[in-house]
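Colleague: With the input below, show me the fold.
(4 chains)
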Protein chains: 2
Amino acid sequence: MKIGVSPDTFPPRSHEAKRNSVVEAAASVFCREGFAGANIDLIAAEAGVSRQTVYNHHRDKEKLFVAVVRDLTERCNAGIFATIATFPDQPVNLEADLIGFAMRMNRNCICNRDGRFLRKLIQTEGERYPELFAEWREQGPGRTWSALAARFARLAYAGHLAIEDPDVAARQFLALINAELQTSFMLGAIPEDEEVLQSATNGVRTFLSAFGRQKSASHTARKSALVSA
Amino acid sequence: MKIGVSPDTFPPRSHEAKRNSVVEAAASVFCREGFAGANIDLIAAEAGVSRQTVYNHHRDKEKLFVAVVRDLTERCNAGIFATIATFPDQPVNLEADLIGFAMRMNRNCICNRDGRFLRKLIQTEGERYPELFAEWREQGPGRTWSALAARFARLAYAGHLAIEDPDVAARQFLALINAELQTSFMLGAIPEDEEVLQSATNGVRTFLSAFGRQKSASHTARKSALVSA
DNA sequence: ACAAAATTAGACAGTCTTGTCTAATTCGTC
DNA sequence: GACGAATTAGACAAGACTGTCTAATTTTGT
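Modeller: As a prediction, the model looks like this:
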């Protein structure tokens, strides 16, 4: 097929490009419909590919599902580590810097397409593939949490925070910055930027009230600084 | 109801009891297999009832699903309100009382059967039934969060806490006490009592570090009080 | 005990889905 | 341009599931 003359004819794609199309379409359909409800014909159509091509690349539905989860896990972990690399080790304005970091974490790792998809697949099919998700658990939460904990430990060592257990603090940091987004996450919705910013801001402020050294960020003194929705 | 004579013969159950059996079995199967993967024959078998009886009580699969969600929503809300009624309005030992409340919340509302099932159904099928889950959202998180916020506002008014926005504090309280259970929740696992206690204890301590009035609960002064896993 | 209502097992048609197969077409590469 | 590999559309068998129907049995209310 030569470059499309008509507007609805797409240029041909390579072998690898088709493989990726299939995995992406499969991720979308598995998330929407669940494993049992996902229809291979629909995946093929959504990938712009024939059904036989799906079976050529991935032997059967189950292998395709595993490929989807591995792919998402890998990309999500890469994104999380890339974002953790932007952690404010030498903060200028600790509150502002942590809010910025929280926003990057939310936008690039938790609320983006891959993050939402992976979370939903783990939630819906986690019990069906124990070994697959044990693998995710080790490489995902296990390593990313301790990487984040190390950054917080560094901040504490430099005297910016008073943290006793960095692992606990890291988990609580993540919990706090997402505290107001739980309902959206449950329903699979994509929260608005404003919501994300508000949740991150309120979360970081409470985090600093608990772990900050100077009392400037204390709750009793920040009445006028509340985020206006 | 006559007691069964032979050990593997169950006594007959009333019309209503069978209806409940069906809804309970359906909740279990919908959660395990998803809506598309749920098999009516399996639900009937698990309920100890014939397939036709399922169709007699609930016209079709979709109606049955809706009945399951409404039932779970109602029971979960009742449980949450009953638990909120045990909130420590006149705390003796604020930390211990809040940890106790957090444990009740977790055990009776979040980690119990109904809570896990409802959460999973919302996560997996929420997008398919927008109006049904909008209803849950209003009656569940909407009302329970503000009820909890009212209790925190009362504690603040009585001088036990320094809270600026009770709604934010309530959401952050819930986020903190579950901060260490997120991975278990994702995989649908039932966390051990020890895990729940540790998460609740660490969460309440951080909450009090941020919102407490007296500095006795401050992070810098509680090194020796850390929960031993 | 009797009549009405509910329940049961099983058969059944209709639909859908998976995974295979084939023959024709297109693509990548030399 | 030509050859081998990849892709395509479509048919196809095998199986699973939903929802209906029937005839027999059991339960419930009176």
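Colleague: how about the residues of chain A near DNA strand C?
Modeller: Residues of chain A lying near DNA strand C by C-beta under 7 Å from any atom of the strand: A:1-2, A:12, A:14-15, A:38-41, A:51-52, A:55, A:59-62. C-betas here are computed from N, CA, C, even on glycine.
Colleague: Out of these, flag the one nearest to DNA strand D.
Modeller: Set against DNA strand D, the nearest of those by C-beta to the nearest atom of the strand is residue A:52 (3.4 Å).
Colleague: Give me the domain ranges for chain A.
Modeller: A:14-58, A:71-225 (automatic domain parsing).
Colleague: Quick check: the two most widely separated of the residues of chain A next to DNA strand C?
Modeller: Across the residues of chain A next to DNA strand C, the longest distance by C-beta to C-beta is 37.5 Å; it joins A:2 and A:62.
Colleague: quick one: low-confidence ranges for chain A?
Modeller: A:1-12, A:214-229 (pLDDT under 70).
Colleague: can we see that at 50?
Modeller: A:1-11, A:216-218, A:220-226, A:228-229 (pLDDT under 50).
Colleague: Residue A:106 and residue A:178 touch, don't they?
Modeller: Yes: assessed by C-beta atoms under 8 Å, residue A:106 is found in contact with residue A:178 at 7.1 Å.
Colleague: who touches both of those two?
Modeller: Contact criterion C-beta atoms under 8 Å, 6 or more residues apart in numbering or on different chains; residues shared by residue A:106 and residue A:178: residue A:199.
Colleague: what residues are up against residue A:204?
Modeller: Contacts of residue A:204 by C-beta under 8 Å, 6+ apart are A:95, A:98-99, A:102, A:176-177.
Colleague: how far is the helix or strand hosting it from where the chain is centred?
Modeller: Per DSSP states H and E, residue A:204 falls inside helix A:193-211. Centre-to-centre, helix A:193-211 and its host chain are 18 Å apart (C-alpha atoms, centre = their mean, to the nearest Å).
Colleague: who in chain A is up against DNA strand D?
Modeller: Counting by C-beta under 7 Å from any atom of the strand, the residues of chain A near DNA strand D are A:15, A:18, A:48-53, A:56-57.
Colleague: could you redo the last one with a cut-off of 10 Å?
Modeller: A:1, A:12-19, A:21-22, A:36, A:41, A:44-45, A:47-57 (C-beta under 10 Å from any atom of the strand).
Colleague: Only whichever of the residues you listed are buried, select them in ChimeraX.
Modeller: Buried residues among the residues of chain A next to DNA strand D (16 or more other C-beta atoms under 10 Å in any protein chain shown), as a ChimeraX selection:
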select /A:18,19,21,22,36,44,47,49,53,54,57
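Colleague: from the residues of chain A next to DNA strand D, which are also near chain B?
Modeller: residue A:36 (C-beta under 8 Å from any C-beta of the partner chain).
Colleague: Which members of the residues of chain A next to DNA strand D occur in helices, if any?
Modeller: Applying DSSP state H to these, the entries found in helices are A:15-19, A:21-22, A:36, A:41, A:44-45, A:47, A:51-57.
Colleague: Go ahead and produce CSV holding the CA coordinates of the helix or strand containing residue A:176.
Modeller: Assessed by DSSP H and E, residue A:176 sits inside helix A:166-177. Only the C-alpha atoms of helix A:166-177 are listed here, as CSV (Å, rounded to 0.1, in the frame of the first residue of the first chain):
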residue,chain,number,x,y,z
PRO,A,166,11.8,6.8,55.5
ASP,A,167,9.8,3.8,54.1
VAL,A,168,6.8,4.8,56.1
ALA,A,169,7.2,8.4,55.1
ALA,A,170,7.5,7.6,51.4
ARG,A,171,4.3,5.5,51.5
GLN,A,172,2.5,8.2,53.4
PHE,A,173,3.7,10.9,51.0
LEU,A,174,2.1,9.0,48.1
ALA,A,175,-1.0,8.3,50.1
LEU,A,176,-1.4,12.0,51.0
ILE,A,177,-0.9,13.5,47.6
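Colleague: Pull the residues that contact it.
Modeller: A:102, A:105-106, A:145-146, A:148-150, A:152-153, A:156, A:161, A:163, A:199-200, A:202-204, A:206-207, A:211, B:172, B:175-176, B:178-180, B:182, B:202-203, B:206.
Colleague: In ChimeraX, select just the buried ones from the residues you listed.
Modeller: Only the buried entries of these go into this ChimeraX selection, using 16+ other C-beta under 10 Å:
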select /A:102,105,106,145,148,149,152,153,156,161,163,199,200,202,203,204,206,207,211 /B:172,175,176,178,179,180,182,202,203,206
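Colleague: still on that earlier bit, include distance to residue B:192 when you put the domains of chain A into JSON lines, please.
Modeller: Formatted as JSON lines, the domains of chain A follow (distance: least, C-beta to C-beta, whole Å):
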{"stretch": "domain A:14-58", "distance to residue B:192": "28"}
{"stretch": "domain A:71-225", "distance to residue B:192": "16"}
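Colleague: Would you mind measuring from the residue nearest to residue A:139 when sequence neighbours are not counted to DNA strand C?
Modeller: Nearest residue to residue A:139, sequence neighbours excluded (C-beta to C-beta, 6 or more residues apart in numbering or on different chains): residue A:77, at 6.0 Å. According to C-beta to the nearest atom of the strand, to the nearest Å, residue A:77 and DNA strand C sit 28 Å apart.
Colleague: same deal with residue A:81?
Modeller: 33 Å.
Colleague: how about the closest residue to residue A:211 other than its chain neighbours, what does it touch?
Modeller: Excluding its sequence neighbours, the residue lying closest to residue A:211 (C-beta to C-beta, 6+ apart) is residue A:161, at 4.9 Å. Applying C-beta under 8 Å, 6+ apart to residue A:161 gives the contacts A:152, A:155, A:169, A:211-213.
Colleague: Repeat that for residue A:73.
Modeller: Residue A:73 touches A:118, A:135-136, A:139-140, counting by C-beta under 8 Å, 6+ apart.
Colleague: Please apply the same query to residue A:47.
Modeller: Applying C-beta under 8 Å, 6+ apart, the residues near residue A:47 are A:18, A:21-22, A:24-26, A:54.
Colleague: With residue A:107 instead?
Modeller: residue A:196.
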